[in-house]
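**Q** could you work out the structure for the sequence below:
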Amino acid sequence: MILSVSKKTDIPALYSDWFLNRLKEGYLLVADERNPFNLSKINLSKEVVDLIIFWTKNPLPLIDKLSVIEKMGYNYSFQFTITPYTKKIEPNIPSKNKIIESFIALSKKIGKQKVIWRYDPIILTSEFNLTYHKSMFDHLCEKLSPYTTTCVITFFDRNIFKNKTKTPLEKETIELVAKELSVIAKKYGIFLVTSQKKYDLSKFNIPYITFTNKKYLEKILNTELITKFDKVTKQEKEDISYIDVGSFNTCINSCSYCYANYSPSMIRFNNSRHNKTSPLLIGSPSNNNKITIKKAKSFKKKQLSIFDI
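**A** Alright, predicted model coming up:
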């Protein structure tokens with residue numbers, strides 16, 4: 001099982017104590033987004049969890065806990081977002097210098113293969129124009145290139161302060177930015193990819209690769225993984241399925257572009273209900289909840305022993 005922690009909220013920065021408690025307990029509960037009375041029970045045993053993928057803009061509260069997680073027998077990697085935006089866009093993120101320092105410290109601790117940098121999302125406005133992005137991306141590449149192998153980019157196509165309002169980006173604009181960033185990434189030896197399928201950037205040597213790409217995960221884990229069979233292509237799927245353990249409207253980073261956190265009042269309410277000893281990220285289970293055990297298994301290819309022959 002691949003555990004995403006989490007695309008919906010910054011658990012390393014905000015809820016690391018809770019997550020460590022859940023690993024020690026061996027399970028956690030995830031509420032159904034459509035019906036929060038329905039809960040899924042997730043087995044967190046190391047025999048089932050192949051890899052924990054941490055998503056964060058600030059790993060500092062988690063770094064000191066990583067040695068504990070390692071001693072418990074878990075493998076992990078990071079999707080680490082560092083953008084070029086100011087407090088106006090990311091009001092609760094520590095200073096960029098501090099975040100860059102934490103990126104470097106993390107990479108030195110666990111290895112640069114396990115720390116993927118996300119320059120994500122790319123916002124295009126009169127303020128954040130091509131010249132701005134070229135300058136900032138070059139600056140960040142210079143700082144981070146010794147400490148990562150890969151950078152992920154996506155393009156933001158909504159109104160920055162009204163997430164639900166579409167702001168279509170012209171294909172020519174996207175391609176011009178992608179071309180320039182590709183040149184910069186190549187200069188610093190960084191493999192540039194996109195996790196956004198809607199824009200084909202392959203002609204700029206920017207392939208579409210997801211965070212659960214089979215080949216990438218096999219390199220991290222140093223073992224062969226088995227994925228499901230794709231009935232359409234008649235081949236094994238390129239991506240491993242995953243379980244995300246986060247919840248919407250729980251991240252107090254308050255980034256203007258965030259799709260997963262769109263109600264400040266709900267974020268404050270949910271955050272006030274967080275209990276680090278609860279199996280739920282927000283609140284605690286009650287007798288009214290219906291709990292279903294989520295089927296989970298390891299994707300690692302098992303080697304035959306002499307007892308299997």
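**Q** C-alpha from now on. contacts and neighbour counts both.
**A** Will do.
**Q** determine how far the strand or helix carrying residue 3 lies from the middle of the whole chain.
**A** Residue 3 is part of strand 2-5, with elements assigned from DSSP states H and E. Using Cα atoms, centre = their mean, to the nearest Å, the mean C-alpha position of strand 2-5 is found 8 Å from that of the whole chain.
**Q** just checking: what are the partner strands of it?
**A** Strand 2-5 sits in its sheet next to strand 51-56 (parallel), strand 242-244 (parallel), going by DSSP bridges.
**Q** any residues touching the first one, and which ones?
**A** By Cα atoms under 8 Å, 6 or more residues apart in numbering, the surrounding residues in contact with strand 51-56 are 1-7, 10-13, 74-81, 221.
**Q** what do you get for the shortest one?
**A** Contacts of strand 242-244 with the rest of the structure, by Cα under 8 Å, 6+ apart, involve 1, 2, 3, 4, 5, 6, 7, 8, 212.
**Q** so how far is residue 279 from the last one?
**A** What it means is residue 212. According to Cα to Cα, to the nearest Å, residue 212 and residue 279 sit 25 Å apart.
**Q** give me the number of residues near residue 43?
**A** 22 (other Cα atoms under 10 Å).
**Q** wait, what's in contact with the nearest residue to it once chain neighbours are set aside?
**A** For residue 43, ignoring the flanking residues on the chain, the nearest one in space by Cα to Cα, 6 or more residues apart in numbering is residue 27 at 4.7 Å. Under the criterion of Cα under 8 Å, 6+ apart, the contact list for residue 27 reads 41, 42, 43, 44, 45, 279.
**Q** which residue ranges of the stretch 1-150 of the chain form helices?
**A** 11-14, 16-25, 60-63, 66-71, 96-110, 130-144 (DSSP state H, counting those that start in this stretch).
**Q** format those helices as CSV; extra columns: mean pLDDT, distance to residue 54 and mean neighbour count.
**A** Converted to CSV, the helices of the stretch 1-150 of the chain look like this (pLDDT from 0 to 100; distance: least, Cα to Cα, whole Å; neighbours: other Cα atoms under 10 Å):
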stretch, mean pLDDT, distance to residue 54, mean neighbour count
helix 11-14, 98, 7, 24
helix 16-25, 98, 10, 18
helix 60-63, 96, 10, 18
helix 66-71, 97, 11, 12
helix 96-110, 97, 12, 17
helix 130-144, 98, 18, 17
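**Q** just send those back as TSV, with distance to residue 204 too.
**A** Listed next are the helices of the stretch 1-150 of the chain as TSV, based on distance: least, Cα to Cα, whole Å:
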stretch	distance to residue 204
helix 11-14	33
helix 16-25	38
helix 60-63	34
helix 66-71	37
helix 96-110	27
helix 130-144	15
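**Q** much appreciated, bye for now.
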